[in-house]
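# Just the structure for this:
(one chain, ligands or ions: 2)
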Amino acid sequence: MTQPTTYRFSFGPWNISEGADPFGPMVRTPYSFEEKLDWYRPLGFEGVQFHDDDAVENIDDLSAGQVATKARQVGKMLADRGLTPEFVAPRLWFDARTVDGGYTSNSPSDRQYALDRSLRTIDVARELGTPNIVLWLAREGSYIRESKNARAAYDRILDAVNAMLEYDKECRIWIEPKPNEPTDHAYVPTIGHALALAYRSVDPSRVSGLIETAHAILAGLDPSDEMAFALAHDKLASVHLNDQNGLKYDQDKSFGSANLRAAFNQVRVLEENGYGRRGEFVGLDVKAIRTQKQDKSTAHLVNSRKTFLHLVEKVRTFDRELERQLIADRDYEELDAYTLRHLLGVNDESLPAIEGQREFSRSV
Ligand code: XUL
Ligand code: MN
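Ligands and ions are numbered 1, 2, ... in the order given. Predicted coordinates for the structure are as follows:
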């Protein structure tokens, strides 16, 4: 019998945040990068997700040599704390030159900036000690469709991916699709789009996907089925588990907080397909509730991790023989009801007492 997977978890420094939103200021005071790193192990995490400038501040103002030196120092800070860099993502959405997009900007010089910055990100990753690059294609899209040529945009994204693969023969690219925000219409909105790009690249074996729960929901799709699709292609490199209450701004709620059953099904598809056995991290991309006070700035990370592990237990204790029988009988009503009882941790024996209780409260 195969041993059960021992999961390992990651998050990014941006997941300990100050609560600022587009309509209001910070509500918690910032912690330094070092303070955040010190928390990882005590909170139960060993993987660190990075944007390039989380690791190397003011990256655009430094020479290639200075960037490498700084990244190496951060790599040492990780090693000293027993931490592993999971990936580095180029932040192609803050600079003035990315206002109209990065790889798909209408300005050739801005497109060049986006590519140069991405190659620098690969340098950072190499010095930190990871081959993995995440592309969240934040501004590769449009606010009005007539402003860009979408057909040309897909070729430009592919050219950028190919240039990165050629630049460093070891690097691996994980595309993190998202259908909107900050743009209205994103060019790579789902994992299907991301994997189609992967297969067209010069080295499909080095291009795969990262699926974020909230992003799938924003696309109107079920996150566990999206994960199943990537797993079927052996292209689920990582996940960003969180939650999302319907079609709103990207909420990054704690895992399971809006839809516990959908969370169960994400854990189910990961667990049943051996996700994590080759070292893949269970990544979280969660934010504290804006109104949360300072002293609980990391509770959402701990809670999301615990919810994941509780749901692993729910998957492992699901009655497989009953499931097999109910599927064979096409008794999906009972499969539905059993799933809910299992998640609630109840059985029908507890009902008479509860119903009796109601009789009692009515009579007084
Ligand atoms: C944005 C998002 C990013 C990526 C990394 O919605 O999820 O934080 O995960 O760039
Ligand atoms: Mn994410």
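
# Please make it C-alpha for all contacts and neighbour counts, starting now.
OK.

# buried stuff in stretch 41-49?
Buried residues in stretch 41-49, counting neighbours by 16 or more other C-alpha atoms under 10 Å, are found at 45, 46, 47, 48, 49.

# Return the member of those nearest to residue 98.
Nearest to residue 98, judged by C-alpha to C-alpha, of those is residue 49 at 22.1 Å.

# is it fair to say the closest one lies in a strand?
Yes. With DSSP: H, G, I helix; E, B strand; the rest coil as the criterion, residue 49 is part of a strand.

# leaving aside the residues next to it on the chain, what's closest to it?
Distances taken as C-alpha to C-alpha, 6 or more residues apart in numbering put residue 12 closest to residue 49, at 4.3 Å, once the chain neighbours are dropped.

# So what's the residue count around the one you found?
Each residue near residue 12 was counted by other C-alpha atoms under 10 Å, and the total is 23.

# Please produce JSON lines containing the buried residues of stretch 41-49, extended by pLDDT and distance to residue 321.
Listed next are the buried residues of stretch 41-49 as JSON lines, based on pLDDT from 0 to 100; distance: C-alpha to C-alpha, whole Å:
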{"residue": "45", "pLDDT": "98", "distance to residue 321": "35"}
{"residue": "46", "pLDDT": "98", "distance to residue 321": "36"}
{"residue": "47", "pLDDT": "98", "distance to residue 321": "36"}
{"residue": "48", "pLDDT": "99", "distance to residue 321": "39"}
{"residue": "49", "pLDDT": "99", "distance to residue 321": "39"}
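
# Out of these, the closest to residue 296 would be?
Taking C-alpha to C-alpha as the measure, residue 296 lies nearest residue 45 of the buried residues of stretch 41-49, at 16.8 Å.

# quick revisit: surely the residue nearest to residue 49 meets residue 52?
No. Taking contact to mean C-alpha atoms under 8 Å, the distance of 11.4 Å between residue 12 and residue 52 leaves them out of contact.

# Give me the distance between residue 159 and residue 200.
Counting by C-alpha to C-alpha, to the nearest Å, the gap from residue 159 to residue 200 is 10 Å.

# who's more crowded, those two?
For residue 159 versus residue 200, the count of surrounding residues by other C-alpha under 10 Å is larger for residue 159: 16 against 12.

# That one should be in a helix, yeah?
Yes. The secondary structure assignment for residue 159 places it in a helix, going by three-state DSSP.

# Let me see the confidence value for it.
On the pLDDT scale, residue 159 is placed at 98.

# Please shift the residue numbers so they start at 852 in all later answers.
New numbering, starting at 852: the last item is residue 1010.

# Secondary structure element holding the closest residue to residue 1178 other than its chain neighbours?
Of all residues not flanking residue 1178 in the chain, residue 1186 sits nearest, at 7.7 Å (C-alpha to C-alpha, 6+ apart). The secondary structure element spanning residue 1186 is helix 1183-1195 (assigned by DSSP states H and E).

# Remind me what that helix packs against, helices and strands.
Other elements packing on helix 1183-1195 under the criterion 3 or more C-alpha pairs under 8 Å, 6 or more residues apart in numbering; DSSP states H and E are helix 1171-1179.

# got the contact list for the helix it packs on?
Counting by C-alpha atoms under 8 Å, 6 or more residues apart in numbering, the neighbours of helix 1171-1179 from elsewhere in the structure are 1183, 1185, 1186.

# So residue 1040 sits against residue 1070, correct?
Yes. Residue 1040 is in contact with residue 1070 according to C-alpha under 8 Å; the separation is 7.0 Å.

# Understood, closing this out.
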